[in-house]
Structure formats: structure tokens, C-alpha cells
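Peer 1: Please find the sequence and the predicted model below.
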Amino acid sequence: MNAIILCGGLSTRLGDITKTIPKILLEINGKTVLDWQLEKLKKLGVSEVVLAAGHLAEIIREQVGPERNGVKIVYSIEPKRLGTGGAIKFAWEKTADENTPVIILNGDILAAADLRNMVERLRPESGGLLLGARVADTSTYGTLIFDEHNRLSEFREKEGLAQPGYINGGMYLFNKKAKEYFPQTEEFSIEYDVFAKLNDLGAYLDVYLSDEPWVDIGLPERLKWARDNWQ
């Protein structure tokens, strides 16, 4: 199983907190976000992870090095801002085996979802599977619309509706065939330029629904919540 962690965002919403420290290296109860994520990936048997970096990439390389907690680290440093999709496409070329499925984690999320069970739900004939994390208030998140078979039918950007629902949880599993539907351009969005396109062409994405704790640490109040509550 290949693995990519996206950690190239500018982190502007966290202000001074991340001017010199990438979000992936922020500490949450004695471990960095990266450590929490590597711990989950190691349980899947992952032995090598590609870090897709851009902003503060050299700090990440300097502090993480070629190995972390028994996991080999490979760096995919963007020559320019590529967007979420472009970063995945660029990093996928640096994985150990481009022909096998890849698990992708956003570098600013913590999730208690069972990744092993998620991997077991990946259908070989599908384009892939993405985590649908349930939150009490979807107003500041992109929400997932899916059918009775949990196939993604639509991705909706922030609608400002303060209601519970399933959002894009920032964890993706892609089969090799998903790459066939990536745009030819270098820079693109995984949400808007790939999710919808896969459905239009019949290479459906499935949604793995999780009601387990989940947090995006990209805002100061969410980072504080994680530091107060995540275990």
C-alpha cells in the first residue's frame, strides 16, 4: 500500500502559529500531527510515506529526515503551488509502486476512523474511496452527497448551513485507474476537478462513513480543541 501525506498548504488561517512551523509538525498531546498519522499508517503495514510538501518544505525535511518512527520518508517538493490534485499527481510518481492503491491523508487532520476497515472496503472496480467524517456543524466544510450505495454523487463546497452531516474527511484511497481521470494540467483540485469527473465517467468513488472523532486543526479554535481532547 502506497501512502502520501499532503503537507504543502500555506496555513494562513492559523496566523503566526504556522509562520515557521508547518501544520504537520504542530504538537498534539506529546506527538506531532505527522506522528499521529504515521502511527495509523504503520498499523496498515505501510513502511514508506511520501510527504507532498511545498510551503516550509525545507523545515519539514530538516526536522523529519529520511526516516521517522520506523517509516521511510520520501519527499515530493512542489516546484510551484499545484493544488490538492496536482500535489497528489506529482507525489504519486514518487511512490514505490505506482500500480498499487494509494492512501492519501491531508496533513492537518486527525481521525479515529478505522483505516484497516476502510482499506477492506475498497472495491477494485471503483475509482477509489474517501472518508466521510460526520460533524455536528457542516457550515465551514465541504459536504458529501451520496446515494443509497454510498457512492459519491456530489461534492458541495461550504454552504454555511449549521447542521450535522458528512464532510470530506481528508483521507482518500485511490485505485490505479483513478489516475486515468486526472487532468493533464499540473495544477488542479482533487475535489472539483477529479471527484465529479470520476462520477461522470462511471468510475465511481465510494464514501466510507465514519462517526468516530475527527478534527481539522486548520483554525486556532480547532487546534486548541485537539490539544485539549485528542488521545
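Peer 2: It's in. All values reported here derive from a predicted model rather than from experimental measurement.

Peer 1: switch to C-alpha atoms for all contacts and neighbour counts from now on
Peer 2: Noted.

Peer 1: Which SSE is immediately downstream of the least confident helix or strand in the chain by mean pLDDT?
Peer 2: Among the secondary structure pieces of the chain, namely its helices and strands, helix 196-200 has the lowest mean (mean pLDDT, DSSP states H and E), a mean of 70. Remark: after helix 196-200, the chain's next helix or strand is strand 205-210, criterion DSSP states H and E.

Peer 1: Okay, now the sheet partners of the very next helix or strand once past that following strand, with direction.
Peer 2: Using DSSP H and E, the helix or strand that follows strand 205-210 towards the C-terminus is strand 214-216. Neighbouring strands of strand 214-216 in its sheet, by DSSP bridges, are strand 109-111 (antiparallel).

Peer 1: pLDDT (mean, whole number) over the strand it pairs with?
Peer 2: Along strand 109-111, the predicted confidence averages to a pLDDT of 96.

Peer 1: Check which helix or strand residue 152 maps to.
Peer 2: strand 152-156.

Peer 1: All the strands of the protein, in order from the start?
Peer 2: When assigned using DSSP state E, the strands of the chain occupy the ranges 2-7, 27-28, 31-32, 48-53, 67-68, 71-77, 102-106, 109-111, 128-135, 143-146, 152-156, 165-174, 205-210, 214-216.

Peer 1: returning to what we had before: quick one, the strand holding residue 152 and strand 205-210 angle?
Peer 2: Relative orientation of strand 152-156 with respect to strand 205-210: 80 degrees, computed using axes from the mean of the first three to the mean of the last three Cα atoms, to 10 degrees.

Peer 1: how about strand 152-156: buried residues?
Peer 2: 152, 153, 154, 155 (16 or more other Cα atoms under 10 Å).

Peer 1: any idea which of the strands of the chain scores lowest on pLDDT?
Peer 2: Comparing mean pLDDT across the strands of the chain, the lowest value falls on strand 152-156: a mean of 84.
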